[in-house]
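Colleague: Predicted coordinates and the sequence they were generated for:
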Amino acid sequence: MPASLTTHVLDTAGGTPAKGMRIDLYRLDGEAREHLAEARTNDDGRTDAPILAEAAHGTYELVFRCADWLDAGQGASRRRFLGDVPIRFGIDEDAHYHVPLLLSPFGYSTYRGS
């Protein structure tokens, strides 16, 4: 089974899924950055399909377009401190990777989920 990648975004200030947020996925190789996919979150704050169904081992970056989403008044607060949020991580085994974003207007956290 090759590695796969999913994500979701939760608005922790409002306690709701972050629907309609754009997410870009890149593969990194040294200084090179290759755009692999673009997705938007659905009503549940998730992408409709894995953002990457078959991922090779390597370094990746998810860029959550939080600035646009927050500026559009999508979050619980109309104020924001954050712009785009890049999360860099490595895939080094053939397994499922889930990298969520827990977002507020002033901070965020992430983890490797299942």
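Modeller: Structure's in. What do you need?
Colleague: can we go C-alpha only for contacts and neighbour counts from here?
Modeller: Fine.
Colleague: hey, which helix or strand in this structure has the poorest pLDDT?
Modeller: Among the helical and strand segments of the chain, the one scoring lowest on mean pLDDT, DSSP states H and E is helix 66-71, with a mean of 86.
Colleague: Quick one: distance of that helix to the chain centre.
Modeller: 13 Å (Cα atoms, centre = their mean, to the nearest Å).
Colleague: Just the C-alphas of that helix, formatted as CSV.
Modeller: Taking C-alpha atoms only, helix 66-71 is exported to CSV below (Å, rounded to 0.1, in the frame of the first residue of the first chain):
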residue,chain,number,x,y,z
CYS,A,66,-6.1,31.0,6.0
ALA,A,67,-5.8,34.7,5.2
ASP,A,68,-8.3,34.5,2.3
TRP,A,69,-10.7,32.4,4.4
LEU,A,70,-10.5,34.6,7.5
ASP,A,71,-10.7,37.8,5.4
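Colleague: Show me which positions of that helix end up buried.
Modeller: Neighbour counts over helix 66-71 (16 or more other Cα atoms under 10 Å) mark 66-67, 69-70 as buried.
Colleague: do stretch 24-40 as well
Modeller: Neighbour-count burial for stretch 24-40 flags 24-28, 39-40 (criterion: 16+ other Cα under 10 Å).
Colleague: what residue ranges in this protein score low on pLDDT?
Modeller: Scanning the chain with the threshold set as pLDDT under 70 gives 1, 74-80.
Colleague: Show me the strands in it, by range?
Modeller: Taking DSSP state E to define them, one finds strands in the chain at 3-6, 9-11, 16-17, 22-29, 32-40, 52-55, 58-64, 85-91, 96-98, 101-104, 107-110.
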